[in-house]
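Colleague: turn this into a structure:
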Amino acid sequence: MPFRSTSSDSFPGERRRAYLRAALAAPALLWAKGVAFGQGTPAEPAPPLMIKVLMEELPPYSFTGAEGRPSGYAFELAKELLVRAKLPASFEFNSWARVMLRSRTEAQVLVPAIVRLPEREWQFHWLGQIASRRGTLFRLKSRPDIKLDRIDPASPYRIGVVKDDVSERELVALGLDAQQLDRSADHAGLLRRFFAERTDLLALNPALAPALLQQFGFDPGLIEPVLKFSDSRPSIALSLRTDDLTRQRLQQAWDAMRRDGSVTTIAARYPMIALD
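Modeller: Residues are numbered from 1 along each chain as shown. Sure, this is the predicted structure:
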């Protein structure tokens, strides 16, 4: 009910002060409940903010498919997740360095495929694991002279990695330095340099290697694994600047997808994806 003006003479002493305190507090309480002060109708809820889904060209997780549309395992997971959470979204391809920069500095950013590493733990809200990964070094079959049985900081071999990619992080953590790592901006540059023999070894996930090489016009039959150097967890993550309500909606939607088998069903369409 709207407040009416009342003469101060009607309320002596403490009673008058209590009334004034209640009158001043009432508008804030009504606003917090979404009701316009002096009215009986709820205020219009704010529309949900647009989620920006940032991906790199990395088949089968995410890639440009037929008619220039996004495709891939991680793309399908993100699309289903956002439909369930009833959130509007845009999908963008960027270099991995750009994906990382924007996801650390912007709100409402979803990265549907990112490896969960100890140093990244505090940089994101982690919704859940989407696959398993094995970091592996490859050589050209024409280079049997390249032999490696462990990661050795004294090794003379140059290893090709994508800048800021999980392989770079893992190899640095294992003791390699800038002199041994040849950093490319993207996978296209990484593969060109490797097949031109400007690097000796190539750091890749063996589950992704065949599709990735074929996408950029290289024959997967020309390479072979030399050494596995890591096991890790590709996951789906949300930028820290995202508001709590949006995060909760996405987390609830993801948990439901895990419970009802939707994640497993989508993964089954990509045989190279290993969930465990």
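
Colleague: quick one: buried residues of the host helix or strand of Leu212?
Modeller: Applying DSSP states H and E as the criterion places Leu212 in helix 209-215. Across helix 209-215, burial judged by 16 or more other CB atoms under 10 Å covers 209-213, 215. C-beta: built from backbone N, CA, C; applies to glycine.

Colleague: redo these as TSV? Include pLDDT and distance to Ser235.
Modeller: Listed next are the buried residues of helix 209-215 as TSV, based on pLDDT from 0 to 100; distance: CB to CB, whole Å:
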residue	pLDDT	distance to Ser235
Ala209	91	21
Pro210	91	23
Ala211	86	20
Leu212	89	20
Leu213	94	25
Gln215	87	23
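
Colleague: pick the one among those residues closest to Asp231.
Modeller: Using CB to CB, Ala209 comes nearest to Asp231 of the buried residues of helix 209-215, at 16.2 Å.

Colleague: tell me the contacts of the residue lying closest to the closest one once chain neighbours are set aside?
Modeller: Counting by CB to CB, 6 or more residues apart in numbering, Pro220 is the residue found nearest to Ala209 once chain neighbours are left out, at 6.2 Å. Contacts here follow CB atoms under 8 Å, 6 or more residues apart in numbering; on that basis Pro220 touches 209-210, 213-214.

Colleague: name the helices or strands packed onto whichever helix or strand comes after the helix holding Leu212?
Modeller: Counting by DSSP H and E, the element after helix 209-215 in chain order, helix or strand, is strand 223-232. Under the contact definition 3 or more CB pairs under 8 Å, 6 or more residues apart in numbering; DSSP states H and E, strand 223-232 sits against strand 133-140, helix 166-173, strand 201-204.

Colleague: how many degrees apart are the second one and strand 133-140 in direction?
Modeller: In this case it means helix 166-173. Angle between the axes of helix 166-173 and strand 133-140 is 90 degrees (criterion: axes from the mean of the first three to the mean of the last three CA atoms, to 10 degrees).

Colleague: quick one on the thing from earlier: deepest in the core, which of the helices and strands packed on strand 223-232 is it.
Modeller: Burial of these is given as mean neighbour count (mean count of other CB atoms under 10 Å); strand 201-204 ranks first at a mean of 26.

Colleague: which of the helices or strands spans the residue most central in space within the chain?
Modeller: Geometric centre of the chain, nearest residue: Val111, 2.2 Å, by CA atoms, centre = their mean. Assigned by DSSP H and E, Val111 falls within strand 109-115.

Colleague: could you identify the helix or strand that succeeds that strand?
Modeller: Next element after strand 109-115 (DSSP H and E): strand 124-129.

Colleague: strand partners (parallel or antiparallel) of that following strand?
Modeller: strand 234-239 (antiparallel) (DSSP bridges).

Colleague: tell me which strands and helices the very next helix or strand once past the strand it pairs with is in contact with?
Modeller: The helix or strand immediately downstream of strand 234-239 is helix 244-259, counting by DSSP H and E. On a contact count with 3+ CB pairs under 8 Å, 6+ apart, helix 244-259 meets helix 73-85, strand 124-129, strand 234-239.

Colleague: of all those, which one comes closest to Glu170?
Modeller: Using CB to CB, the helices and strands packed on helix 244-259 put strand 234-239 closest to Glu170, at 13.0 Å.

Colleague: then the closest one to CSV, C-alphas only?
Modeller: Output of strand 234-239 as CSV, limited to C-alpha atoms (Å, rounded to 0.1, in the frame of the first residue of the first chain):
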residue,chain,number,x,y,z
PRO,A,234,39.7,-31.5,-21.6
SER,A,235,36.8,-29.6,-19.9
ILE,A,236,34.1,-27.0,-20.5
ALA,A,237,34.8,-23.7,-18.7
LEU,A,238,33.2,-20.3,-18.0
SER,A,239,35.0,-17.0,-17.5
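
Colleague: and that strand, what's buried?
Modeller: Neighbour-count burial for strand 234-239 [16+ other CB under 10 Å]: 234-239.

Colleague: ditto for stretch 51-61
Modeller: Buried residues in stretch 51-61 (16+ other CB under 10 Å): 51-61.

Colleague: cool, thanks, signing off.
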